[in-house]
Structure formats: C-alpha cells, structure tokens
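Engineer: coords please:
(chains A and B)
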Amino acid sequence: MNETIRLTLTLTIICILSAVALSFVYENMNPIIEENKAIRLKAALKEVIPLADNFEEAKEISNPEGIIYIFKGLKDNRIIGYAILSEALGYGGDIKILTGINKDREITGIKIMEHLETPGLGARIEEEEFLDQFIGKPEKIDAITGATISSTAVIDTVEELISSINIEFN
Amino acid sequence: MFQPTKDFLKGLWKQNPAFRLILGMCPTLAVTNMAVNGLAMGLATLFVLVASGIIISIIKGLIPSKVRIPCYIVIIASFVTLADYFLAAFYTDIHKVLGLYIPLIVVNCIILGRMEAFASKNPLLNSIADAFGMGLGFTWALVLLGSVRELLGFGTLFGATLLGSWYPGMLVMKLPTGAFITLGLMIALMNIINEKVRSTAQ
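Structural biologist: Here you go, the predicted structure:
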C-alpha cells in the first residue's frame, strides 16, 4: 500500500511540475507565435490581392466545403477582391491554397500556405514559375514534371473554386 | 583519460547513435533531404538530450524504479514541447519544415535509451558529457547525410548553389530511398575506416 502511494505520488508530482513549467513557457511564447502567424497571414493577403490596403475576414459568407476562411480585400473601404483559403488533397497531405479573386473572377494572386509535399518534387508547387501561370484567367496550366499529383491537386482545386464560389462585390 | 571526456567522446564516433547504434532512424531518414534540416533536427535532439539528462541525473534517487519510464517520458516530452514552442516562436521557417517531426523526438529511442542506460545511473557531470557527445554525434551524422543528399539531389549545400544549373539533380536522393542508400554507404565507410585504424594499430 505504502509503495503504491509512493509510486502515484512521484509520477503525479512530476506531471504537475512539468505542466506548471510548460504553461509558464506557453504564456510567454504564445503571443509571439500568434503574432508570427498574423504577420504571415497579412503578408500573404497582400500578395494575393496586391491592390488592397486593408483586409477583413468575410464572416457573412458561409464557407462551402473545402474552404477554411474568406477574407475581403478593401481599398478605400470598397471591396476590390476576395482571398480564399481552400484545402486540396495532395500527395503527402492537405495543401492549403490562398487564392485572390477580383470582381471579374480573375485570379490576382495565389500562394501555398501549408503543404506536406515531397521536398524538391511536389514542394515545387510553392515556386513562382508554377503559381504565376494562374494569374488572370488561365486556360491551360502546365503541371510540374515529376509532381503530377501535387500540381493537379492545386489546379483542380483552384478551378473548382473559381467556378463555384459565390461572392458579391458592392 | 578523465571519465567525463571519455563519456563525451564515445558518442561522437565509437557509439555514434545514427551510424553505430543505428538508433533514431525515423528522424535520420525522414528529415535529411537537406543539410539545414539535418542540423536543426540534430540540435533540437541535442537540446532535449542534455536538458532531460540533467534533470534525470539530479532526481534519479527520488524516482522509484517501477515508474521510472513514465517519469522519463513526461520529462522528455516537456522539453520537446519547449523546443517546439521555441522554434515556432523564433525560427518560423525551420518550424514549418520540421514541424511534423519535432513532436516525434519524444519517441526517439536515443533519448530514452541514454536516460535509461546512462543518466539514471551516473553522476551529473558524466551525464551531461554523455548527452552532449550523443547529441553532437547525432547532429554531425544528420548534417553529413543531409549534405550528401542535398548536394546530389539538388546540387546545393546549405541552400548555396555548388553545382551549376547544368546539374539535373538525382531524384532518388530527394526521396526517402536516398536516405537508406546514403546511410548504408556511410556505415560501410565508417566500417572501412575502423578496419584501417585497427590494422595499423596492430
């Protein structure tokens, strides 16, 4: 009996100490981590809607399946474009794609936010050479050699997005 | 030789975790497609090894042997989480690449192995020396594997182009297959060197 108590107590104390230490670290690091995320998001939004000077999350639009969030790109308080984060199933896992669309349904910019594709192959979907093909109203987009699955995932998802997304401009 | 020096040196070559003990193969094979990834993974593991080694060596007398493994795991997991937060806060780019593998350091058998085989039985100074030796041994192994694979796969080293644009890049080196091949060749090379050293010594 005595031994059981000792075993339980030791493990409990170690768990409590490590939980306290980690929550202290979390309290201090989390604001920096969140700030990094916000900075990255802002930079990405600016990249896909270059003409906008302010961004707001478009909460009034209900997100269809496969879409994580939608941001409005504002210039002089008028909506000039939408940035949509959609999810595609790639070769290594989910690919998160941020697409900027203007009122003529043209793509103003596109950026890969997260992916788990193979470095040197599928990971090349991040490169400008591939992504720049999407700008405007592309008719045909070339896949990357050796990375058909990753490229097709991005191409199909963006095409689907452009044809189905229900957005309004005022 | 001074005992802690010996404890330190053995991890670098004689008992190198990746090349001699063949431990921690998951990160070894998974992240070494580029030198910088190998370096970051090696250093993160080194940090967890040293920090957990210090704590466990200090409190070794207080932990009943029946619950020692869960106690070690909690301590190791805490330092891994700390390393994860730290990279996420200050080295966002590296965290993006290694993010998936950092939590897996918890189950890296090098760490639990050193705690069980060394830190829980030896004085503090020796345990620190052992942890540094093993951590640095693991780091140089990962950096070497990453460098060979990056050079052959991409024609670059630490991101700097060494081979010009004429170099097409060996596809196999970018993929996990290349990690197995390179690791095998490194172990063979190490055996040859050890053999040479032994025959000259005789």
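
Engineer: Could you tell me which residues of chain B lie near chain A?
Structural biologist: With Cβ under 8 Å from any Cβ of the partner chain as the criterion, chain B comes near chain A at residues B:33-34, B:62-64, B:66-67, B:70-71, B:74-75, B:77-78, B:81-82, B:85-86, B:88-90, B:92, B:96-97, B:100, B:153-154, B:169, B:171, B:174-175. Every residue, glycine included, has its C-beta placed from N, CA and C.

Engineer: Narrow the residues you listed to those in strands?
Structural biologist: The subset of these located in strands under the criterion DSSP state E is empty.

Engineer: Tell me which of those fall in helices.
Structural biologist: Cross-referencing those against helices under DSSP state H gives B:70-71, B:74-75, B:77-78, B:81-82, B:85-86, B:88-90, B:92, B:96-97, B:153-154, B:171, B:174.

Engineer: Are any of the residues of chain B next to chain A buried, and if so which?
Structural biologist: Buried by 16 or more other Cβ atoms under 10 Å in any protein chain shown: B:33-34, B:63, B:67, B:71, B:74-75, B:77-78, B:81-82, B:85-86, B:88-89, B:92, B:97, B:153-154, B:169, B:174-175, out of those.

Engineer: got the residues of chain A near chain B?
Structural biologist: Selection of chain A residues close to chain B by Cβ under 8 Å from any Cβ yields A:3, A:6-7, A:10-11, A:14-15, A:18, A:21-22, A:25-26, A:29-30, A:32-33, A:36, A:40, A:114, A:116, A:118-121, A:146.

Engineer: Need the per-residue pLDDT for residue 12.
Structural biologist: Went with chain A since none was named. For residue A:12, the pLDDT comes out at 95.

Engineer: hm, I was asking about chain B
Structural biologist: At residue B:12, pLDDT is 93.

Engineer: hang on, it packs against residue B:136?
Structural biologist: Yes - applying Cβ atoms under 8 Å, one finds residue B:12 in contact with residue B:136, separated by 6.2 Å.

Engineer: Quick check on the residues of chain A next to chain B: which are buried?
Structural biologist: Buried residues within those, counting neighbours by 16+ other Cβ under 10 Å: A:7, A:10-11, A:14, A:18, A:22, A:25, A:29, A:33, A:118-121.

Engineer: what would those look like in a markdown table with secondary structure?
Structural biologist: Formatted as a markdown table, these follow (DSSP: H, G, I helix; E, B strand; the rest coil):
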| residue | secondary structure |
| --- | --- |
| A:7 | helix |
| A:10 | helix |
| A:11 | helix |
| A:14 | helix |
| A:18 | helix |
| A:22 | helix |
| A:25 | helix |
| A:29 | helix |
| A:33 | helix |
| A:118 | coil |
| A:119 | coil |
| A:120 | coil |
| A:121 | coil |
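
Engineer: starting at the chain centroid, how far to stretch A:41-60?
Structural biologist: Here stretch A:41-60 is found 13 Å from its chain centre; the criterion is Cα atoms, centre = their mean, to the nearest Å.
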